[in-house]
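[1] What follows is a predicted protein model with its sequence.
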Amino acid sequence: MVLWLICVAVVAACTGPPRQGAQRLTLDVGHDYGDLFADGKLPVGDGKIVTDGARGGYVYACPRYAESFAAGAAIGAAVRGPWFSADGQWYYPDMKTHVQGHVQHHGEFSETKSEGVRVITTNDLPRNHSTGRFPIATDDTAYQYDRNPNAITAQDLTYVLASEPTYGVPQCIGPEVGVMLSGVVLFSALDAGGRDAGAWEVQDGCAGHPEVTGSYHYHTPSPCLATSDIAEVVGYALDGFPITGARVSDGNILTTRDLDECHGITSSVRLDGRDVETYHYVMTQDYPYSVNCFRGRPTTVQGRAQRPVPPGR
């Protein structure tokens, strides 16, 4: 689980304001992008972190976020699971064990838009799917690899986002990068020690788990999201840009190599009931999975700052 050592306010503080005029990558609707990972084997993203500027396929971590990884190295999954290849360079998601249980929660979520602002409130409990049973029980197979001791608890979070964000030069990220329409928080690709969370950590069947404050979150695309299509919004990044799935059509799936340095692209998206040509981030199968830098100015999440910084997990 990603370490809560910095808040989104720090992200804004350690980067300058976005500048307009940057070249945008646009989806080629006539191109066959293929299905690069149809064999089910994904590359492990360990070590793909930068702090001096955005780079495609790497998490552009703000300095304080990157500094937290040394303290978090002993936190999280302790054993490399049998879903890794022998050389540790690849992993097979379909072979991963999942945290047992089907716990129902009362998810509370609202979204309003007015005068250039989108306001999302959530208790961070999934409103359309169950979760595994946390803390991970000692008799759960997952416990052999990841002994997550945290329980899922309701949060009280408000996201005040620009509904028409300004596209600019890349900004570094912290642990939290967005919020999904399922009501669940989206974290970066990294665990507390800066490793590929999708490869190392054991999540439930919906690709979620809690961190030390009880905040349930995803690091990777959840199979329980409503859609995986590129034209459909599944969430919003902290800078206000939408997040979509990666499926262009059957057998035509975007991956990291098809996206810009922040894991985004410009294409037609169904947004607020209209088809809009806009920049958006894409949830991909492969690392770094979603937002790895911000194209706009990130907001501070209301409901996080008033809590003391926990020791982390």
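    That came through fine.

[2] residue boundaries of the helices in this structure?
    Under the criterion DSSP state H, helices of the chain are mapped to 8-13, 63-67, 69-72, 197-200.

[3] So what's the gap between the second one and the chain middle?
    What that stands for is helix 63-67. Helix 63-67 sits 18 Å away from the centroid of its parent chain (Cα atoms, centre = their mean, to the nearest Å).

[4] Show me what it is packed against.
    Packing contacts for helix 63-67, counted by 3 or more Cβ pairs under 8 Å, 6 or more residues apart in numbering; DSSP states H and E, involve helix 8-13. From N, CA and C alone the C-beta is placed, and that goes for glycine too.

[5] pLDDT averaged over the helix it packs on - what is it?
    Averaged over helix 8-13, pLDDT sits at 42.

[6] and what of stretch 235-253?
    98.

[7] Ends of that stretch, what's the gap?
    Terminal residues of stretch 235-253 lie 19 Å apart, using Cα to Cα, to the nearest Å.

[8] And that stretch, what's buried?
    By neighbour count on 16 or more other Cβ atoms under 10 Å, the buried set for stretch 235-253 is 235-248, 253.

[9] if you look at those residues, which of them are in strands?
    Gly235, Tyr236, Ala237, Pro242, Ile243, Thr244, Arg247, Val248, Ile253 (DSSP state E).

[10] mind checking how far the second one is from Tyr281?
    Translated: Tyr236. With distances taken as Cβ to Cβ, to the nearest Å, Tyr236 is found 9 Å from Tyr281.

[11] Between these two, which contacts overlap?
    Gly178, Pro242, Ile243 (Cβ atoms under 8 Å, 6 or more residues apart in numbering).

[12] what would the residues you listed look like in JSON lines with distance to Arg118?
    Below are the shared contacts of Tyr236 and Tyr281 laid out as JSON lines (distance: Cβ to Cβ, whole Å):
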{"residue": "Gly178", "distance to Arg118": "12"}
{"residue": "Pro242", "distance to Arg118": "10"}
{"residue": "Ile243", "distance to Arg118": "13"}
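
[13] from those residues, which single one is nearest Thr299?
    Gly178 (10.4 Å; Cβ to Cβ).

[14] what is Trp90 paired to in the beta sheet?
    Pro43 (DSSP bridges).

[15] I figured it hits Val44, correct?
    Yes. With contact defined as Cβ atoms under 8 Å, Trp90 and Val44 form a contacting pair (6.3 Å).

[16] With neighbour numbers in mind, choose between these two.
    Neighbour count, other Cβ atoms under 10 Å: between Trp90 and Val44, Val44 has more, with 21 against 15.

[17] And the closest residue to Arg80 other than its chain neighbours, how close does it get to Pro149?
    Distance criterion Cβ to Cβ, 6 or more residues apart in numbering; nearest residue to Arg80, sequence neighbours excluded, is Gly88 at 6.8 Å. Distance of Gly88 to Pro149, computed by Cβ to Cβ: 26 Å.

[18] Could you do Val44 as well?
    For Val44 relative to Pro149 (Cβ to Cβ), the value is 25 Å.

[19] and what of Glu277?
    46 Å.

[20] Equivalent analysis for Gly205, please.
    When Gly205 is compared with Pro149 (using Cβ to Cβ), they lie 20 Å apart.

[21] between the two, who's got more neighbours?
    Gly205 (17 against 10).

[22] Correct me if wrong: the more buried one contacts Ser222.
    No. Applying Cβ under 8 Å, one finds Gly205 not in contact with Ser222, separated by 9.3 Å.

[23] and Pro17, what pLDDT?
    44.

[24] my bad, should have said Gly76
    75.

[25] how deep is it tucked in, by neighbour count?
    Count around Gly76 with other Cβ under 10 Å applied: 24.

[26] And the lowest mean pLDDT element among the helices and strands of this structure?
    helix 8-13 (a mean of 42; mean pLDDT, DSSP states H and E).
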